[in-house]
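> everything below, folded, please.
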Amino acid sequence: MTHILSLQGIRKSYNEGTPVEAEVLHGVDVSLAQAEFVSLTGPSGSGKSTLLNIIGLLERPTSGTLTIAGQRADQLGDDALTRLRGRTIGFVFQFHHLLPAFTALENVMMPAIIEAGQATAEAEAFGLELLGRVGLAAAAHKRPGELSGGMQQRVAIARALALRPRLILADEPTGNLDTVTADEVFGLLREFNHDHGSACLTVTHDPRLAARCDRQMVLVDGRLTSPG
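Next up is the predicted model:
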């Protein structure tokens, strides 16, 4: 089995060396296989966001090993981390964070533009293909303010896949959507997971959606209570 993600003994503390030092993650072990679709649930304050930020290379662990796509990420410098994050990970958030001054297509193309330093015909063609896959081909030249919340979230999913990431991290991607739209968005993530072979880790408070994943992980007080 090929693992795209492996965490061993991950600990995270804040305010280290001070009287108010607090350890948020207590030796977490997680592995995620290629093309696997896994949910992460747990009560508020359990450390889910911190764990996702560490996996997404946005925060460094205090200790432990973190391997992504075969690279020991915990040993990389900041520039190398940025490159690994850009090439390997696609992010989908509860709030889509689209750029309001740009069209849906330009938002989808943005990761590729940043990567290449310019817009390319290939990036535009793939951006249009992705928008078509999420049912928004006709909205390619509309700005986010002209789209519904569910449509904006579908644009955000297309953007997350612009560089064909091997790992998709979704942080409450359906948290502010109605049930029908949430099911559609979740279905799109599963579709891309299946078609592209991308592994997906999604944080959700919705037990219905968690039950539709290949595997469920539960984090409580900084510890996994189910196998990672």
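> I figured V155 hits P144, correct?
Yes. Assessed by C-beta atoms under 8 Å, V155 is found in contact with P144 at 7.2 Å. For every residue, glycine as well, the C-beta is placed using N, CA and C.
> find the residue at the geometric middle of the protein.
L169 (1.6 Å; C-alpha atoms, centre = their mean).
> look at L99 and say how many residues are nearby.
Residues near L99, counting by other C-beta atoms under 10 Å, number 12.
> when you give positions from now on, start the count at 729
Right, with 729 as the first residue, what we last looked at is L827.
> just say helix, strand or coil for it.
Classification of L827 by DSSP: H, G, I helix; E, B strand; the rest coil places it in coil.
> could you verify my assumption that it touches V836?
No. Judged on C-beta under 8 Å, L827 makes no contact with V836 at a distance of 10.8 Å.
> CA-only coordinates of stretch 940-952 in PDB, if you can.
Extracted C-alpha coordinates of stretch 940-952, given in PDB (Å, rounded to 0.1, in the frame of the first residue of the first chain):
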ATOM      1  CA  ARG A 940     -19.800   7.900   3.800                       C
ATOM      2  CA  CYS A 941     -15.900   8.000   4.000                       C
ATOM      3  CA  ASP A 942     -13.700   5.000   3.700                       C
ATOM      4  CA  ARG A 943     -12.500   5.400   7.200                       C
ATOM      5  CA  GLN A 944     -13.300   7.600  10.200                       C
ATOM      6  CA  MET A 945     -10.800   9.100  12.700                       C
ATOM      7  CA  VAL A 946     -12.000  10.800  15.900                       C
ATOM      8  CA  LEU A 947      -9.800  13.200  17.800                       C
ATOM      9  CA  VAL A 948     -10.600  14.000  21.500                       C
ATOM     10  CA  ASP A 949      -8.400  16.200  23.700                       C
ATOM     11  CA  GLY A 950      -5.400  15.900  21.300                       C
ATOM     12  CA  ARG A 951      -5.500  12.100  21.000                       C
ATOM     13  CA  LEU A 952      -7.000   9.900  18.300                       C
END
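> buried residues in that stretch?
Judged by neighbour count (16 or more other C-beta atoms under 10 Å), stretch 940-952 contains these buried residues: R940, C941, Q944, M945, V946, L947, G950, L952.
> who are the contact partners of the first one?
It refers to R940. Taking C-beta atoms under 8 Å, 6 or more residues apart in numbering as the contact definition, R940 lies against F914, R918.
> same question for the last one.
With contacts defined as C-beta under 8 Å, 6+ apart, L952 is in contact with V756, D757, V758, M945, V946.
> including pLDDT and secondary structure, could those residues go into CSV?
Listed next are these as CSV, based on pLDDT from 0 to 100; DSSP: H, G, I helix; E, B strand; the rest coil:
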residue, pLDDT, secondary structure
V756, 93, strand
D757, 93, strand
V758, 90, strand
M945, 92, strand
V946, 93, strand
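> farthest-apart pair in those, please.
D757 and V946 (13.8 Å; C-beta to C-beta).
> helices of this structure, residue ranges please.
776-783, 806-816, 832-844, 849-861, 877-888, 907-924, 935-939 (DSSP state H).
> among these, which gets the worst mean confidence?
Least confidently modelled of those is helix 907-924, at a mean of 82 by mean pLDDT.
> circling back: V883 and P872 - which one has more neighbours?
V883 (26 against 21).
> all set, thanks.
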